[in-house]
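Q: predicted model and sequence below, questions to follow.
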Amino acid sequence: MERGKGEDKEQVIQDGVAAMAHCYKGFNPTAYLQYNYTPPRADFSRADSIVPWKLGCLHRAFTEGDVGGEMLVDVGSGPTLYQVLSGCEVFGRVVLTDFLDVNRRELRRWLGEEEGSFDWTPYLQHVCKLEGRSPSAWQEKAARLRSVVTEILPIDVHQPSPLPPGTLPSPGADCLVSSFCLESVSPDLASFTRALGHLSALLKTGGHLLLIGALGESYYMGGPGVRIPVVPLDEAQVCSSLRSSGYTLLHLSTYTLPPDMRVGVDDVTGIFFVKARKM
Ligand SMILES: Nc1ncnc2c1ncn2[C@@H]1O[C@@H](CSCCNC[C@@H]2Cc3ccc([N+](=O)[O-])cc3CN2)[C@@H](O)[C@H]1O
């Protein structure tokens with residue numbers, strides 16, 4: 001029997017998603033952290049370093065007074081925690097999520113204070129300074145973060161329901177944050193936009209989305225010899241995808257990588273920070 005055009009389209013979508021999942025089989029959290037979350041990309045002595053810029057955007061977004069509630073969900077956490085260091089002071093319940101068990105295990109290592117976990121101390125100290133606290137309050141912040149992270153769950157943004165059933169209260173989360181995930185897991189722009197729509201289903205009406213992503217990136221190294229394709233985005237495409245997924249854009253800022261931040265682990269040219277609201 002002849003397959004309908006809709007079935008063929010759906011099959012193409014599923015094939016693209018499956019191919020992306022296959023790319024992630026070799027993802028290496030330790031290498032990824034080394035590539036992106038150590039100097040020069042995480043150099044707290046440089047005003048033009050990438051991580052201080054990201055932490056500043058997140059601090060402002062979480063503390064300017066309009067974001068609040070009980071539950072924050074971080075979509076596609078990877079092995080990183082920096083994206084919730086400001087939000088953990090605002091929300092009583094923080095849910096971390098990732099597609100890969102290796103990343104969920106890396107997060108549990110730090111949260112469980114296990115030997116050999118990644119050292120987030122400089123990040124904690126920097127965010128304490130942004131909050132007008134002494135950097136020595138970093139241990140209090142670490143304890144706060146450990147106290148509010150209630151779950152570390154599997155997620156697949158290509159599913160209409162990306163999280164396990166029953167994870168969220170019925171209205172949805174009060175706020176979502178997602179950093180460098182959607183463009184790195186979507187085979188094409190249409191898939192990126194669909195994933196944004198799936199995230200909307202996790203968020204209550206009136207809730208906020210804080211989205212950090214790469215501009216102009218076509219690949220990145222997820223480990224030695226692990227080259228992962230990325231949807232190259234520009235600002236206009238990001239704004240259009242947000243609009244067509246039912247978000248109202250509240251703020252967009254961008255960062256252009258200085259030459260010495262281009263260290264060969266990807267071809268990213270810039271970074272966007274979006275604050276949006278589900279209306
Ligand atoms: N279907 C899925 N649903 C949800 N998450 C999924 C799915 N598949 C994989 N994942 C999950 O999503 C992944 C998130 S890490 C994605 C990395 N993004 C690209 C990388 C990041 C980066 C960082 C810093 C800087 N910089 O300039 O400082 C630049 C760049 C640009 N390159 C990974 O955790 C995977 O496990």
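A: Received it, and whenever you're ready, just let me know what you need.
Q: now do the longest strand seen in the chain: which elements does it pack against?
A: Within the chain, and with DSSP state E defining each element, the longest strand by residue count is strand 203-215. The elements that strand 203-215 packs onto, with contact taken as 3 or more C-beta pairs under 8 Å, 6 or more residues apart in numbering; DSSP states H and E, are helix 50-63, strand 173-179, helix 182-185, helix 235-244, strand 247-256, strand 270-278. (Each C-beta comes from the backbone N, C-alpha and C, glycine too.)
Q: going by neighbour count, which residues in that strand are buried?
A: Of the residues in strand 203-215, those buried by neighbour count under the rule 16 or more other C-beta atoms under 10 Å are 203-204, 207-215.
Q: would you list those in CSV and tack on pLDDT and distance to Arg144?
A: Converted to CSV, the buried residues of strand 203-215 look like this (pLDDT from 0 to 100; distance: C-beta to C-beta, whole Å):
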residue, pLDDT, distance to Arg144
Leu203, 98, 23
Lys204, 98, 24
Gly207, 98, 22
His208, 98, 20
Leu209, 98, 23
Leu210, 98, 19
Leu211, 98, 24
Ile212, 98, 22
Gly213, 98, 27
Ala214, 98, 29
Leu215, 98, 32
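Q: and of those, the nearest to the ligand?
A: Proximity of these to the ligand, judged by C-beta to the nearest ligand atom, is greatest for Ala214, which lies at 4.4 Å.
Q: for the closest one, list each beta-bridge partner.
A: Beta-bridge partners of Ala214, counted by DSSP bridges, are Ile271.
Q: show me what contacts it?
A: For Ala214, the contacting residues are 180, 183-184, 220, 230, 233, 266, 268, 270-271, by C-beta atoms under 8 Å, 6 or more residues apart in numbering.
Q: now do Met261
A: For Met261, the contacting residues are 40-41, 48-50, by C-beta under 8 Å, 6+ apart.
Q: swap in 7 Å and give it another go.
A: For Met261, the contacting residues are 40-41, 50, taking C-beta atoms under 7 Å, 6 or more residues apart in numbering as the criterion.
Q: keep only the residues you listed that also lie close to the ligand.
A: Taking C-beta under 6 Å from any ligand atom as the test, the ligand is in contact with 41, 50 out of the contacts of Met261.
Q: how about JSON lines for the contacts of Met261, with distance to Glu113 and neighbour count added?
A: Output for these, formatted as JSON lines (distance: C-beta to C-beta, whole Å; neighbours: other C-beta atoms under 10 Å):
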{"residue": "Pro40", "distance to Glu113": "28", "neighbour count": "15"}
{"residue": "Arg41", "distance to Glu113": "25", "neighbour count": "19"}
{"residue": "Ile50", "distance to Glu113": "27", "neighbour count": "20"}
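Q: can you put the contacts of Met261 in a markdown table and add distance to Leu130 and pLDDT?
A: As requested, these are exported to a markdown table (distance: C-beta to C-beta, whole Å; pLDDT from 0 to 100):
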| residue | distance to Leu130 | pLDDT |
| --- | --- | --- |
| Pro40 | 20 | 94 |
| Arg41 | 18 | 94 |
| Ile50 | 16 | 95 |
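Q: close to the ligand: what parts of the stretch 1-150 of the chain are there?
A: Residues of the stretch 1-150 of the chain lying close to the ligand (C-beta under 6 Å from any ligand atom) are 24, 27, 36, 41, 50, 76, 78, 98-100, 103.
Q: looking at those, which are in strands?
A: Assigned to strands by DSSP E, the following of those qualify: Asp98.
Q: am I right that Gly166 is in a strand?
A: No. Following the definition DSSP: H, G, I helix; E, B strand; the rest coil, Gly166 is coil and is not counted among the residues of a strand.
Q: and it, how many residues sit next to it?
A: Burial of Gly166 is recorded as 6 neighbouring residues (other C-beta atoms under 10 Å).
Q: re earlier: now the buried members of the residues of the stretch 1-150 of the chain next to the ligand.
A: For these, burial is judged from neighbour counts taken by 16+ other C-beta under 10 Å, and it is met by 24, 27, 36, 41, 50, 76, 78, 98-100, 103.
Q: quick one: contacts for Ala195?
A: Residues in contact with Ala195 (C-beta under 7 Å, 6+ apart) are 157-158, 182, 186.
Q: identify the residue nearest it in space, chain neighbours excluded?
A: Distances taken as C-beta to C-beta, 6 or more residues apart in numbering put Val157 closest to Ala195, at 4.1 Å, once the chain neighbours are dropped.
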